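> No sequence on hand, only this structure:
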Ligand code: B1M
């Protein structure tokens, strides 16, 4: 019987890792390509998760459980994608700025980006501007996503943008920022390319910044 990718999406939404992985395996056995499984199963599911999170119908635990199921399926699909040379939607470097150890929101953003076809280079927490610069040079990523949860570490976002400018790589990347105390006004003030209030919006913004959405 043909595997129903909507059933896969439903299992992602419910965070049912075992059944989701099983359906992914069955879909592959039936010859369904990894791109279709990702688009119509994983991304479709994570898109609903993102929407429900935006509407406060889902909270952090549900999102993390869904993302864990998505990741387990991606583990099966990643090697096949690499073999088939499918290009990611874009490459994003993400990190929590220097002095800041909060990573729950940042991880959600990273997972949602991955779930939507982006390659994500996660530099972790307490990331100094120089580390972002090195990573831009090494990976050729075209977007940097900065997270800050403390008012005292928000200036690290401007310092990172200034450091990118001083290193001559500011024009190579778009910088997007987020985190509970961050606002659109702050984004405008420090010369970032965009602000996203939550993980689902961060995906929408990243798509715009890499030019796959208007
Ligand atoms: Co901290 N903490 N904390 N903390 N902590 C806050 C942020 C605080 C608001 C609590 C409070 O006082 N009410 C307060 C900050 C006050 C301020 O600056 N105005 C605070 C403080 C003061 C501190 C310490 C200084 C406490 C101390 O030691 N005296 C200390 C600082 C440590 C450091 O970083 N150097 C500290 C430590 C910690 C823990 C380690 C205990 C823990 C972090 C664990 C971890 O992350 N691994 C922690 C936690 C858990 C919190 C709260 C309770 C929850 C944060 C969280 O994870 N939210 C927080 C209070 C609160 O927010 N209610 C608090 C859930 C998460 C999903 O939301 O991170 O906002 P959020 O992410 C969202 C969006 O903001 C957005 O998308 C996410 C998903 O929708 N987003 C992005 C985030 N990053 C993005 C990047 C993007 C786009 C969107 O890129 C473009």
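Yep, that arrived. Only a predicted model underlies this, so the values are computations on that prediction, with no experimental measurement involved.

> what comes up buried for the longest helix seen in the chain?
The longest helix of the chain (DSSP state H) is helix 60-84. Neighbour-count burial for helix 60-84 flags 62, 63, 65, 66, 67, 69, 70, 73, 74, 77, 81 (criterion: 16 or more other C-beta atoms under 10 Å). Any C-beta I mention is one placed from the backbone N, CA and C, and that applies to glycine too.

> Tell me the spacing between the first one and residue 16.
It refers to residue 62. 12 Å (C-beta to C-beta, to the nearest Å).

> Quick check: residues of this structure near the ligand?
60, 99-106, 108-109, 145, 147, 149-152, 176-181, 196, 198-199, 202 (C-beta under 6 Å from any ligand atom).

> Please narrow those residues to those residing in strands.
145, 147, 176, 177, 178 (DSSP state E).

> which element is residue 137 on?
For residue 137, the host element (DSSP states H and E) is helix 129-139.

> quick revisit: which two of the ones in strands among the residues of the chain next to the ligand have the greatest separation?
Across these, the longest distance by C-beta to C-beta is 9.9 Å; it joins 147 and 176.

> If we ignore the residues flanking it in sequence, what's nearest residue 183?
residue 195 (6.8 Å; C-beta to C-beta, 6 or more residues apart in numbering).

> Next, count neighbours for that neighbour.
By other C-beta atoms under 10 Å, the residues close to residue 195 number 20.

> Identify the residues contacting it.
Residue 195 sits next to 176, 177, 178, 182, 183, 184, 186, 187, 205 when contact means C-beta atoms under 8 Å, 6 or more residues apart in numbering.

> again, 6 Å this time
Residues near residue 195 by C-beta atoms under 6 Å, 6 or more residues apart in numbering: 177, 184, 187.

> dump the residue contacts of residue 44.
Counted by C-beta under 6 Å, 6+ apart, residue 44 has contacts residue 9.

> give me every residue that touches the residue nearest the centre of the chain.
Note on the chain: the residue nearest the mean C-alpha position is residue 113, at 2.3 Å, using C-alpha atoms, centre = their mean. Going by C-beta under 6 Å, 6+ apart, residue 113 touches 92, 120, 203.
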